[in-house]
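Peer 1: Take a look and give me a structure for this.
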Amino acid sequence: MINYCFHKKSSTLQSLLPLLIAISILFIPAISFAVNVPTISFGIENAENPEQVSTGLQILFLLTILSIAPAILLMTTCFTRIVIVLGFVRMAMGTQNMPPTQIIIGLSLFLSFFIMAPTINRINDDALQPYLAEEINQQDALSKAVEPMRDFMFSQVMESELAMLSDITMNNEPYDKNDIPTMTLIPAFMLSELKRAFQMGFMIYVPFLVIDMIVASILMSMGMMMLPPVIISMPFKLLLFVLVDGWALVAGSLIKSFQG
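Peer 2: Numbers count the residues shown, from 1 in each chain. As a prediction, this is how the structure comes out:
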């Protein structure tokens, strides 16, 4: 009896299957016409006047600038020194991924915004706002925006790196900073930032290294050579860092290093 009912239901489903397929075929076009789905198309057309060509080139230039914006941030601001020093702090404490990389990057960004605020305000007042008010053209706005960044980089660049790159890239000896092109100033500034960052990282690393050496010597004198010294020294390093308010000292030292 059960087999008979099962075969009867299956035969009924088989007879209804073509009907369901036909209904779905009939209703799919109606549904597609009822729902308006937008489409996006890209194409290249001939320009009818020079203004269209200029607008297209401006859009291409803007997209290029947006794509290299992170590199510009790294090359021309204080972000490099800050993120390297904070990375040295994490390595010296031996906490591996604490604080996480996202926290270090975020703190470096906000400290960079804090340090670069005067320069950004100058760019806004001298270049961006006059350009938006149509008081100056695009070329003048770009030149006025570059000047505050050049002043900041000149205030931080080391003479040795600047002299080395000037000798390599320039034929004549520059008389003042206006004779040094920006493409020469940027790599000199980057080398200076790397040098200062590693100097600060070394000074931060030394106290934690001393703690590791003391703990290792004590463990060896007690005959506990199989116990890793890092396990014992890490709580003492964290305690020392918390007692001296390490994060505030590091952040304050970084901010003061750009004011000197």
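
Peer 1: switch to C-alpha atoms for all contacts and neighbour counts from now on
Peer 2: Noted.

Peer 1: so which strand or helix has Leu111?
Peer 2: Element membership for Leu111 (DSSP states H and E) is helix 101-115.

Peer 1: buried residues in that helix?
Peer 2: Ile104, Ile105, Leu107, Ser108, Leu109, Leu111, Ser112, Phe113, Ile115 (16 or more other Cα atoms under 10 Å).

Peer 1: again with stretch 189-207
Peer 2: Under 16+ other Cα under 10 Å, the buried positions of stretch 189-207 are Phe189, Met190, Leu191, Ser192, Glu193, Arg196, Ala197, Met200, Gly201, Ile204, Tyr205.

Peer 1: Could you measure from the second one over to Pro235?
Peer 2: The reference is to Met190. Distance from Met190 to Pro235, counting by Cα to Cα, to the nearest Å: 36 Å.

Peer 1: Next one: the nearest residue to Arg81 once chain neighbours are set aside from Leu254, what distance?
Peer 2: Nearest non-adjacent residue to Arg81, counting by Cα to Cα, 6 or more residues apart in numbering: Ala197, 4.9 Å away. Ala197 is 9 Å from Leu254, where distance means Cα to Cα.

Peer 1: Overlap in contacts, the two.
Peer 2: Shared contacts of Ala197 and Leu254, defined by Cα atoms under 8 Å, 6 or more residues apart in numbering, comprise Ile82.

Peer 1: any low-confidence regions in the stretch 151-260 of the chain?
Peer 2: Counting by pLDDT under 70, the stretch 151-260 of the chain contains low-confidence ranges at 173-176, 260.

Peer 1: the strands in it, which residues?
Peer 2: Assigned by DSSP state E, counting those that start in this stretch, the strands in the stretch 151-260 of the chain number zero.

Peer 1: And the helices in it, which stretches?
Peer 2: For the stretch 151-260 of the chain, the helices defined by DSSP state H, counting those that start in this stretch occupy 159-169, 182-221, 229-243, 246-257.

Peer 1: of the ones you listed, which approaches Glu135 most closely?
Peer 2: helix 182-221 (25.4 Å; Cα to Cα).

Peer 1: and the closest one, what does it pack onto?
Peer 2: helix 69-76, helix 79-93, helix 138-156, helix 159-169, helix 229-243 (3 or more Cα pairs under 8 Å, 6 or more residues apart in numbering; DSSP states H and E).

Peer 1: Which one of those helices lies nearest to Leu219?
Peer 2: The nearest among these, by Cα to Cα, is helix 229-243 at 7.3 Å.

Peer 1: quick check: angle from the closest one to helix 246-257?
Peer 2: Computed by axes from the mean of the first three to the mean of the last three Cα atoms, to 10 degrees, the angle separating helix 229-243 from helix 246-257 equals 70 degrees.

Peer 1: And the contacts of helix 229-243?
Peer 2: Residues contacting helix 229-243 (Cα under 8 Å, 6+ apart): Met93, Gly94, Thr95, Phe208, Ile211, Asp212, Val215, Ala216, Leu219, Trp247.

Peer 1: Would you mind checking these for buried ones?
Peer 2: Met93, Gly94, Phe208, Ile211, Asp212, Val215, Ala216, Leu219.

Peer 1: What is the neighbour count of the residue nearest to the first one when sequence neighbours are not counted?
Peer 2: Right, Met93. Distances taken as Cα to Cα, 6+ apart place Lys237 nearest to Met93, at 6.2 Å, with adjacent residues excluded. Around Lys237 there are 22 other residues, counting by other Cα atoms under 10 Å.

Peer 1: how near is Lys237 to Ile103?
Peer 2: 20 Å.

Peer 1: same check, this time on Phe198
Peer 2: Distance, Phe198 to Ile103, by Cα to Cα: 21 Å.

Peer 1: For the helices and strands packed on helix 182-221, state which one has the densest average packing.
Peer 2: helix 79-93 (a mean of 21; mean count of other Cα atoms under 10 Å).
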